[in-house]
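Q: Quick one: sequence plus predicted model below, questions after.
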Amino acid sequence: MPVQLNHTIVHARDNRESAAFFADLLGLDITSEWGPFIAVALDNGVTLDFATVPAEHITPQHYAFLVSDAEFDAAYEKITTRSLPHWADPHQKHPGEINHNDGGKGVYLLDPTGHAMELITVPYGGWPQR
């Protein structure tokens, strides 16, 4: 079997709030709750397992998601309708904008815990030539 990422734990101030924010933004489902975890499944079988931890144990992380144009547009509609702060760049120098890197669309925003979320429609460097 090839090596695959199965799941990762995402530290949150409130696991339910963060899982619901993420699932709603990207049109995903909360798939399970067990122990301290609330899981959101991605289309490639990976789950993000949100766990409530004390604030002093949270180090903001960066999570980048490759999405379709339709998924991006739906998420961006939610971002703008809800007036969520967002940027075209990871250094937050272009607020309220998206980027068009590699011929696609991209945006950065923060989740309720302060993790950086990036949505892109084309992988870095563009699609491989076939």
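A: Looks like it arrived, so ask away.
Q: wait, is residue 74 part of a strand?
A: No. Assessed by DSSP: H, G, I helix; E, B strand; the rest coil, residue 74 does not belong to a strand; its assignment is helix.
Q: show me what contacts the residue nearest to it when sequence neighbours are not counted?
A: Excluding its sequence neighbours, the residue lying closest to residue 74 (C-beta to C-beta, 6 or more residues apart in numbering) is residue 27, at 6.2 Å. Bear in mind the C-beta positions are built from the backbone N, C-alpha and C, glycine included. Listed by C-beta atoms under 8 Å, 6 or more residues apart in numbering, the contact set of residue 27 reads 71, 74-75.
Q: Same question for residue 14.
A: 52, 112-113.
Q: Surely residue 80 is in a helix?
A: Yes. Counting by three-state DSSP, residue 80 is found in a helix.
Q: What segments of the protein are strands?
A: For the chain, the strands identified by DSSP state E occupy 7-12, 30-34, 37-41, 47-52, 62-66, 86-87, 106-110, 116-120, in order along the chain.
Q: which stretch among those comes nearest residue 128?
A: Comparing the strands of the chain against residue 128 with C-beta to C-beta, the closest turns out to be strand 62-66 (13.1 Å).
Q: Return the set of buried residues in that closest one.
A: 65-66 (16 or more other C-beta atoms under 10 Å).
Q: thinking again about what came up before, indicate which one of the strands of the chain is closest to residue 99.
A: Distances from residue 99 to each of the strands of the chain were compared by C-beta to C-beta, and the smallest falls on strand 106-110, at 4.5 Å.
Q: Against which helices or strands is the worst-scoring helix or strand of the chain on mean pLDDT packed?
A: Confidence across the helices and strands of the chain bottoms out at strand 30-34, with a mean of 95, counting by mean pLDDT, DSSP states H and E. Applying 3 or more C-beta pairs under 8 Å, 6 or more residues apart in numbering; DSSP states H and E, one finds that strand 30-34 makes contact with helix 15-26, strand 37-41.
Q: Mean pLDDT, distance to residue 6 and mean neighbour count added to the ones you listed, as JSON lines?
A: Formatted as JSON lines, these follow (pLDDT from 0 to 100; distance: least, C-beta to C-beta, whole Å; neighbours: other C-beta atoms under 10 Å):
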{"stretch": "helix 15-26", "mean pLDDT": "98", "distance to residue 6": "17", "mean neighbour count": "19"}
{"stretch": "strand 37-41", "mean pLDDT": "98", "distance to residue 6": "11", "mean neighbour count": "21"}
